[in-house]
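Provided below for reference: sequence and predicted model.
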Amino acid sequence: MVFDILTLFPEFFSSPLRQSVVGKAIAKGVLRVEAHNLRDFTLDKHKTTDDYPYGGGHGMVMKVEPMAAAIEALKAQRPGATVVMTTPQGERFTQKTAAEFAALSSLIIVCGRYEGYDERIRSFAGREVSVGDYVLSGGEIPALAIIDAVARLIPGVLGEPESSESDSFSAGLLEYPQYTRPEEFRGMRVPDVLISGNHALIEKWRRQESLRRTFHKRPDLIEFADLTAEDKAFLEELKRGKS
Ligand code: SAM
């Protein structure tokens with residue numbers, strides 16, 4: 001999969017894209033990420049990318065002409081690419097969005113700066129996504145979050161593909177608690193079931209702990225999760241305070 005990032009700060013990406021999971025996937029050639037400088041698509045000698053807002057007000061607004069030229073040039077290089085605009089006003093970026101993007105061959109991610117975009121830039125984007133209800137100074141951190149979350153779902157990126165399947169949100173629930181050695185630390189013991197060697201019991205415990213965590217920490221997710229009759233019975237017990 002190829003990610004093209006359109007940004008005023010291409011150097012922002014050099015270190016994060018060399019690290020860990022994404023860095024290894026790029027080195028293996030499973031992913032390609034190219035950061036493009038928006039200034040290269042400006043037409044004036046000052047390479048202007050922003051201007052004062054019509055009607056007055058604080059701050060500067062990203063100009064439409066360089067954005068349009070850049071997006072059109074990138075789309076010509078990657079026919080069929082989806083253009084994603086980062087904006088706090090977009091649809092919430094979730095694990096479901098990440099899975100949708102992972103099925104694509106090419107994504108162009110547009111990073112805003114200043115007070116945001118000239119409204120006409122929106123007509124060049126297929127999707128508008130927000131990484132949460134807070135305002136960052138630019139779209140570079142959201143772009144990295146999108147690339148990282150999508151990359152984990154691309155075959156060949158994670159050592160063991162199942163590790164993303166048990167991640168929180170993948171099955172609509174939070175992940176169960178995890179432990180590693182030592183068996184006891186300052187009086188806190190690893191639950192006996194995990195060292196029992198009984199895989200059926202371990203699976204059952206993990207499912208119930210996933211449900212318990214989600215019920216307590218993110219009850220909003222339960223409504224949309226794929227639940228079995230056994231899950232529903234366990235949730236009823238939780239509601240009655242029995243488990
Ligand atoms: N004035 C804009 C508004 O209220 O919608 C916010 C502009 S913000 C300072 C500059 C840029 O940062 C945005 O254009 C967007 O690219 C990025 N950005 C900030 N917060 C974001 C978020 N929660 N999700 C995605 N992108 C965000």
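Structure received. Numbers count the residues shown, from 1 in each chain.

And E72, how far from the ligand?
19 Å (Cβ to the nearest ligand atom, to the nearest Å). Placement of C-beta: from N, CA and C, glycine included.

Tally up the residues packed near the closest residue to that residue other than its chain neighbours, please.
Closest residue to E72 apart from its sequence neighbours, by Cβ to Cβ, 6 or more residues apart in numbering: F124 at 7.7 Å. F124 has 18 neighbouring residues, counting by other Cβ atoms under 10 Å.

Isn't F124 up against M67?
Yes. In terms of Cβ atoms under 8 Å, F124 counts as a neighbour of M67; the distance is 6.7 Å.

Quick check: the gap between the residue nearest to E72 and R92.
Note on F124: its distance to R92, by Cβ to Cβ, to the nearest Å, is 21 Å.

Kindly report the same for T7.
22 Å.

More neighbours: which of those two?
Set T7 next to R92 and count neighbours by other Cβ under 10 Å: T7 wins out with 24 against 11.

which residues does the more buried one contact?
Shown in contact with T7 (Cβ atoms under 8 Å, 6 or more residues apart in numbering): F13, A35, H36, N37, L38, C111, G138, G139, E140, A143.

so what's the third one bridging to?
On DSSP bridges, the residues paired with H36 through beta bridges are L6.

Which stretches in the chain count as strands?
2-7, 32-37, 50-51, 61-62, 82-92, 106-110, 127-130, 184-185, 188-189 (DSSP state E).

Determine which of these approaches W205 most closely.
strand 188-189 (14.4 Å; Cβ to Cβ).

residues making contact with that closest one?
Against strand 188-189 from outside (Cβ under 8 Å, 6+ apart): E183.

Can you give the strand pairings for that strand, parallel or anti for each?
Next to strand 188-189 in the sheet, as set by DSSP bridges, lie strand 184-185 (antiparallel).

For the protein, what lies in contact range of the ligand?
Residues of the chain lying close to the ligand (Cβ under 6 Å from any ligand atom) are 86-89, 111-113, 115-117, 130-132, 134-139, 142.

Buried ones among those?
86-88, 111-113, 116-117, 130-131, 138-139, 142 (16 or more other Cβ atoms under 10 Å).

closest to Q19 among the residues you listed?
For these, the nearest to Q19 is P142 (17.7 Å; Cβ to Cβ).

That closest one contacts V129, correct?
Yes. Counting by Cβ under 8 Å, P142 touches V129, with 7.3 Å between them.

Give me the common contacts of those two.
T86, F93.

Let's see the pLDDT reported for the residue in the chain positioned nearest to the ligand.
When distances are taken as Cβ to the nearest ligand atom, the chain reaches nearest to the ligand at G112, 2.2 Å away. At G112, the predicted lDDT confidence score is 98.

quick one: it and Q89 touch, right?
No. In this structure G112 lies outside contact range of Q89 using Cβ under 8 Å: 10.3 Å.

Please identify the nearest residue in space to P16, excluding sequence neighbours.
L144 is the one closest to P16 (Cβ to Cβ, 6+ apart), at 5.4 Å.
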